[in-house]
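Q: pasting the sequence and the predicted coordinates here, then a few questions.
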Amino acid sequence: MRNDNLRSYLNLHLIVFIWGFTAILGALITIQSEFLVWYRMFFAAIFIAVFLAVTKKSFKVVPKSLIKFVVVGLLIALHWIFFFEAIKVSTVSITLSVFSLGAFFASLLEPLFYGRKVLWYEVFFGLIIIAGLGLIMQVEINYWNGMLLALVSIILGVLFTLMNGKLIVNHDPSVISFYEFLSGFTFISIYFLFKGSFTADFFLQSAKNWILIVILASICTAYAFTASVKVMRQLSPYTVMLTTNLEPVYGIVLAFFIIGGKEKMSAEFYIGAIVIVITVLLNGIIKHYRKEDEL
């Protein structure tokens, strides 16, 4: 059992590392953000459909649930479009530092979704995170547009995560993802049809782009999701949450060494980022021990 937990913990870090690498791929793939998301959702839906077929899981869902999947699928599509656009107009480091606000927004929105009280220490930590982000924005003022896009993206991300938190209680996670990715792909396809985006050039990508898109859809999306579900059956939610909060750290470090150039931020940026990450981790630790005291 201990070996299984250790293996799951190492797998979780690998998954979070892969999620951090997603931002790097977004910077390296040289196509428009909405095109990138269209390809990502298309291939990810195919990969998960194959997984469901191989594992002989049913695709059947009731119409009421399907409507919810469609709504969340649209939110995911918009979340990814704003995410990749933020990276393209600013940097990976800037975008991921703003994403650290996710824990704060979740603490404000969770009471509305799950009917619990707002916790004072979550609001307090949220204000510290905002102060850290303020330090970053003060010195990296040239990237305001990217910060705003990342802010919209993380709000959308928190919304669909909370909605999925309810859906996952009664539905298989892989089935949920399949319909959400398929829905997002369909919404973007309809938009492209009206816009006239489906031209010959749309499908003529460089070999580098094709390779990176397939890696993004398969390893960073379909695999990372299904693997994370398996890991969550072995580890506590506390361990999963704390480790997931390291995604911005992995992404910023990867961006520094892989991309370099504009990813090398000022000293004030890294101070602000460290303040944000430490605050998020402290929030998770305090929440864990408060739950233990209540038991």
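A: Sure, I can see it.
Q: got the contact list for the closest residue to Ser206 other than its chain neighbours?
A: Distances taken as C-beta to C-beta, 6 or more residues apart in numbering put Thr30 closest to Ser206, at 7.4 Å, once the chain neighbours are dropped. From N, CA and C alone the C-beta is placed, and that goes for glycine too. Going by C-beta atoms under 8 Å, 6 or more residues apart in numbering, Thr30 touches 206, 208-209.
Q: any idea how far Thr30 is from Ile215?
A: Counting by C-beta to C-beta, to the nearest Å, the gap from Thr30 to Ile215 is 15 Å.
Q: returning to what we had before: helices - which of the contacts of Thr30 land there?
A: 208-209 (DSSP state H).
Q: now, which of the contacts of Thr30 sits nearest Lys68?
A: Asn209 (33.3 Å; C-beta to C-beta).
Q: which non-adjacent residue is nearest that closest one?
A: Nearest one to Asn209, counting by C-beta to C-beta, 6+ apart, is Ile29 at 5.5 Å.
Q: and that neighbour, how many neighbours?
A: By other C-beta atoms under 10 Å, 26 other residues sit near Ile29.
Q: three-state assignment of the residue nearest to Ser206?
A: Put simply, Thr30 is coil when judged by DSSP: H, G, I helix; E, B strand; the rest coil.
Q: need phi/psi at it.
A: With angles defined as degrees, to the nearest 10, Thr30 sits at phi -100, psi 60.
Q: now it: how far from Phe83?
A: Separation of Thr30 from Phe83 (C-beta to C-beta): 17 Å.
Q: kindly report the same for Phe124.
A: With distances taken as C-beta to C-beta, Phe124 is found 28 Å from Phe83.
Q: again, but for Ile48
A: 20 Å.
Q: what's stretch 271-279 in contact with?
A: For stretch 271-279, contacts defined as C-beta under 8 Å, 6+ apart pick out 93, 97, 100, 125, 128-129, 131-136, 245-246, 248-249, 252.
Q: what pLDDT does Ile168 get?
A: pLDDT recorded at Ile168 is 77.
Q: for the residue nearest to it when sequence neighbours are not counted, what are its contacts?
A: Closest residue to Ile168 apart from its sequence neighbours, by C-beta to C-beta, 6+ apart: Ile176 at 6.5 Å. By C-beta under 8 Å, 6+ apart, the residues touching Ile176 are 69, 72, 164, 167-168.
Q: mind running it again at 10 Å?
A: Going by C-beta atoms under 10 Å, 6 or more residues apart in numbering, Ile176 touches 48, 61, 65, 68-69, 72-73, 164, 167-168, 170, 225.
Q: PyMOL command for the buried members of the residues you listed?
A: Buried residues within the contacts of Ile176, by 16 or more other C-beta atoms under 10 Å, are selected in PyMOL with:
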select buried, resi 48+61+65+68+69+72+73+164+167+225
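Q: can the contacts of Ile176 go into TSV with extra columns for secondary structure and distance to Val231?
A: Listed next are these as TSV, based on DSSP: H, G, I helix; E, B strand; the rest coil; distance: C-beta to C-beta, whole Å:
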residue	secondary structure	distance to Val231
Ile48	helix	17
Val61	coil	25
Ser65	helix	25
Lys68	helix	25
Phe69	helix	23
Val72	helix	22
Gly73	helix	24
Asn164	helix	16
Leu167	helix	19
Ile168	coil	14
Asn170	coil	21
Phe225	helix	11
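Q: next, format the contacts of Ile176 as CSV and append distance to Ile87.
A: As requested, the contacts of Ile176 are exported to CSV (distance: C-beta to C-beta, whole Å):
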residue, distance to Ile87
Ile48, 24
Val61, 33
Ser65, 33
Lys68, 29
Phe69, 27
Val72, 23
Gly73, 22
Asn164, 23
Leu167, 28
Ile168, 28
Asn170, 35
Phe225, 20
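Q: from the contacts of Ile176, pick the one nearest Ser183.
A: Within the contacts of Ile176, the smallest distance to Ser183 is 2.9 Å, found for Gly73 (C-beta to C-beta).
Q: and that closest one, what does it touch?
A: By C-beta under 10 Å, 6+ apart, the residues touching Gly73 are 41, 45, 160, 176-187.
Q: let's see that with 7 Å instead.
A: 179-181, 183-184 (C-beta atoms under 7 Å, 6 or more residues apart in numbering).
Q: show me these that map onto strands.
A: Taking DSSP state E, every one of the contacts of Gly73 sits outside strands.
Q: strands of the stretch 51-200 of the chain, residue ranges please.
A: Assigned by DSSP state E, counting those that start in this stretch, the stretch 51-200 of the chain shows no strands.
Q: that'll do, ta.
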